[in-house]
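Undergrad: I need the structure of the sequence given here:
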Amino acid sequence: MGINFFFNRILIGIQIPREVPHPNNNQPIDFSKPEDIVIYIVLPLFFVLLYFIGRRIGNNKK
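TA: Have a look, this model is predicted:
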């Protein structure tokens, strides 16, 4: 049991990536910063708007 537990802990530790955000080390979105507002509100709305404009243009060509 001891050796299995030891190797399992090593393998689990090796598989956890350190470069990606984890739930225990990331911060909530701060809407007082302008770049967060642009990234999380303005850009998604812009792309949704482009999608509907593209659909409208595509339907008018038929």
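Undergrad: residue nearest the middle of the protein, spatially speaking?
TA: Centrality entry for the chain: nearest residue to the mean C-alpha point is Pro21, 9.5 Å, by C-alpha atoms, centre = their mean.
Undergrad: helices of this structure, start to end?
TA: Remark: helices assigned in the chain by DSSP state H are 2-15, 34-37, 43-61.
Undergrad: between these, which has the poorest mean confidence score?
TA: When these are compared by mean pLDDT, helix 2-15 comes last with a mean of 65.
Undergrad: hang on, Asp36 packs against Ile29?
TA: Yes: with contact defined as C-beta atoms under 8 Å, Asp36 reaches Ile29; the gap is 5.5 Å. Heads up, the C-betas are built off the backbone N, CA and C, glycines and all.
Undergrad: one step back: backbone phi and psi for the residue nearest to the centre of the chain, please?
TA: Backbone torsions of Pro21, given as degrees, to the nearest 10, read phi -70, psi 140.
Undergrad: and it, how close does it get to Lys33?
TA: 17 Å (C-beta to C-beta, to the nearest Å).
Undergrad: then Pro44?
TA: From Pro44 to Lys33 the distance is 17 Å (C-beta to C-beta).
Undergrad: please apply the same query to Ile41.
TA: 12 Å.
Undergrad: again, but for Pro23
TA: The separation that Pro23 has from Lys33, given C-beta to C-beta, amounts to 21 Å.
Undergrad: for these two, indicate the residue with more neighbours.
TA: The residue with more neighbours, out of Pro23 and Lys33, is Lys33; 10 against 5, by other C-beta atoms under 10 Å.
Undergrad: tell me the pLDDT of the more buried one.
TA: On the pLDDT scale, Lys33 is placed at 94.
Undergrad: now it. Its backbone dihedrals?
TA: Torsion angles, degrees, to the nearest 10, at Lys33: phi -90, psi 130.
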